[in-house]
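Participant: predicted structure and sequence below. I'll ask about it afterward.
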Amino acid sequence: MKAADLIDVARAAGQMIACAESCTGGLLGAEITAVPGSSDVFDRGFVTYSNAAKVEMLGVDPATIAAHGAVSEQVAAEMAFGALARSEANVAVSITGVAGPGGSEHKPEGRVCFGFATKDGVKTETVEFGAIGRASVRAAAVNHALDQLMHALQP
């Protein structure tokens, strides 16, 4: 189980995790907290589905959303930084994307942007999962975030 392995690695590293989720609607936090003992390493999760929630809860600049759209690496970076700043975590992950159905020419279904923030800065990436269906995009995003968190926490 990926979440259990992540918890073991984070515990061994003495790290706390926070997450800021949009298109996954709290699924990442739910996956992590489904594991007994997760409170040792999981500080909190922010479900910021609307743009207003991203601004109010995480401090995302409305100008960033206006310029790049909610599904962008720029917004993912600000979400991750906001979660880190508003928590006791050492590492924060953010997820924002188009789960579907549908999308647009510029933001197709299955595009998900991630941010990973620590005190040393933020790393962002965009993954194109494709038009695999809403549930599958959301599940793939959670799995990817778990993998990347595991990678970030390993020495």
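Facilitator: Structure received. All figures in this text were calculated on a predicted structure; none of them were measured in a lab.

Participant: okay, helices next: where are they in this structure?
Facilitator: For the chain, applying DSSP state H gives helices covering 2-13, 27-33, 51-58, 62-68, 73-85, 134-153.

Participant: winner for burial among these?
Facilitator: Of all those, helix 73-85 carries the top mean neighbour count, a mean of 24, counting by mean count of other Cβ atoms under 10 Å. For the C-beta atoms, the positions are set from N, CA and C on the backbone; glycine is no exception.

Participant: for that helix, packing partners?
Facilitator: With contacts taken as 3 or more Cβ pairs under 8 Å, 6 or more residues apart in numbering; DSSP states H and E, helix 73-85 sits against strand 17-21, strand 42-47, helix 51-58, helix 62-68, strand 91-97, strand 111-118, strand 121-128.

Participant: pLDDT of it, averaged?
Facilitator: Rounded to a whole number, the mean pLDDT of helix 73-85 is 98.

Participant: contact partners of it?
Facilitator: 18-20, 22, 44, 46, 48, 54, 57-61, 64-65, 67-69, 89, 91-96, 113-119, 122, 124-126 (Cβ atoms under 8 Å, 6 or more residues apart in numbering).

Participant: contacting residues for the residue nearest in space to the middle of the chain?
Facilitator: Centroid-nearest residue in the chain: residue 94, 2.4 Å away (criterion: Cα atoms, centre = their mean). If you count contacts by Cβ under 8 Å, 6+ apart, residue 94 has them with 19-22, 76-77, 79-80, 83, 114-117.

Participant: partner residues bridging residue 114?
Facilitator: Beta bridges link residue 114 to residue 95, residue 125 when assigned by DSSP bridges.

Participant: what residue in the chain is the furthest from its centre?
Facilitator: residue 105 (23.5 Å).

Participant: any idea of the pLDDT on that one?
Facilitator: Residue 105 carries a pLDDT value of 83.
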